[in-house]
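what follows is a predicted protein model with its sequence.
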Amino acid sequence: MFKVHPDFAKTQAARPDFRRDAEVTFSKPPNPEWTDGNGANDGGESLKKEHVEIDPHAEGRPVTSNYKLLISGMVPRPIALISTKSKDGQTTNLAPFSYSQVINHDPPLFVVGFVGSLEKAKDTLKNLNETKECVINIISEHFVEAANATAVNAPYGHSEWEVSGLHQAPTSVVKPARVKESILAIEGTLVETKEFESRSVPGKKTGVLAIIEGVRFWVREDAIDEEHSLVDLKVLKPISRLGGISYGRTTDAIEIPRPHFE
């Protein structure tokens, strides 16, 4: 089992309770009267600020600084809670990855970034690379704690399903189970992987990009429309990743029509 730092428990206790009944609402954009050429909606305030130039590979700059900068600045990020199965079918794995995104719809394609290398791949990447199969489960508010528990640094062969308390549901095309609690789950097959090499330590493999094709979609019946083309945000209530140990929830949205060139 994983443990929470005692100092954080004290901080957490002083915060207001989570509002489970908070509804997803739509508000006006910051400037509803915005027209072509108006620029930013802050009255020019952002133009008064200067920027700091940062070379990610500057001498003496630790790579952890780049990590902290990117995960705190590139937000919010969708989280792929990935379930996989070992090649021999004896072990299962479930883990969250916020280096993830959908990149195409025909065919449905997703990318997931893994820290490390194929040679020393951790559970999810090892299973995915060997079996070419996985399920991408989207995290919602009602099981965010359970999903976070799957990030535990358990040894290979130890199933994170157990520590999470989440339930396995059957799939149609791939062998790994999907998360029953997940409102949207995507069965996927591996298209290809690409390794990346460190800039600061030449020769060291530090990252792997996996391209995954979605071959089946599973959407909870109360979250999908009659045409099976739209997922209801008010039911999905997705959780996103922010910097540090922070997560975000989507409770307020705005709509801005896409412009047409004339």
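Everything's here; your move.

ok, now how distant is the residue nearest the centre of the chain from Ala146?
Centroid-nearest residue in the chain: Ile79, 1.4 Å away (criterion: C-alpha atoms, centre = their mean). To Ala146, Ile79 is 13 Å away according to C-beta to C-beta, to the nearest Å. For the C-beta atoms, the positions are set from N, CA and C on the backbone; glycine is no exception.

do Ala58 as well
Distance, Ala58 to Ala146, using C-beta to C-beta: 40 Å.

repeat for Leu209
From Leu209 to Ala146 the distance is 27 Å (C-beta to C-beta).

neighbour count for the two, which is higher?
Ala146 (20 against 14; other C-beta atoms under 10 Å).

hmm, that one is touching His167, no?
No: Ala146 is beyond contact range of His167, at 9.9 Å (criterion: C-beta atoms under 8 Å).

okay, and the common contacts of those two?
Common contact partners of Ala146 and His167 (C-beta atoms under 8 Å, 6 or more residues apart in numbering): Glu181.

grab the CA positions of the longest helix along the chain and hand them over as PDB.
Longest helix in the chain, counting residues (DSSP state H): helix 63-73. Extracted C-alpha coordinates of helix 63-73, given in PDB (Å, rounded to 0.1, in the frame of the first residue of the first chain):
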ATOM      1  CA  VAL A  63      16.500  17.800 -16.300                       C
ATOM      2  CA  THR A  64      14.100  17.800 -13.300                       C
ATOM      3  CA  SER A  65      13.600  21.500 -13.800                       C
ATOM      4  CA  ASN A  66      12.300  20.900 -17.300                       C
ATOM      5  CA  TYR A  67      10.000  18.200 -15.900                       C
ATOM      6  CA  LYS A  68       8.600  20.500 -13.300                       C
ATOM      7  CA  LEU A  69       8.200  23.400 -15.700                       C
ATOM      8  CA  LEU A  70       6.400  21.300 -18.400                       C
ATOM      9  CA  ILE A  71       4.000  19.500 -16.100                       C
ATOM     10  CA  SER A  72       3.000  22.700 -14.400                       C
ATOM     11  CA  GLY A  73       2.800  24.800 -17.600                       C
END
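
neighbours of Leu109, how many?
Leu109: 16 surrounding residues under other C-beta under 10 Å.

quick one: end-to-end distance for stretch 52-66.
14 Å (C-alpha to C-alpha, to the nearest Å).

what mean pLDDT does that stretch get?
For stretch 52-66, mean pLDDT is 93.

so what touches that stretch?
Leu69, Ser198, Arg199, Ser200.

rerun at 10 Å
Lys68, Leu69, Leu70, Ser198, Arg199, Ser200, Val201, Thr206 (C-beta atoms under 10 Å, 6 or more residues apart in numbering).

which among the residues you listed gets closest to Asp88?
For the contacts of stretch 52-66, the closest approach to Asp88 (C-beta to C-beta) belongs to Thr206, at 28.5 Å.

what sits closest to that closest one if chain neighbours are left out?
Ser198 (4.5 Å; C-beta to C-beta, 6 or more residues apart in numbering).

from Leu166, how far out is the closest residue to Ser159 other than its chain neighbours?
Distance criterion C-beta to C-beta, 6+ apart; nearest residue to Ser159, sequence neighbours excluded, is Thr92 at 5.0 Å. Separation of Thr92 from Leu166 (C-beta to C-beta) stands at 11 Å.

anything in contact with each of the two?
With C-beta under 10 Å, 6+ apart as the test, Thr92 and Leu166 both reach Ser83, Glu160, Ala177.

many thanks, have a good one.
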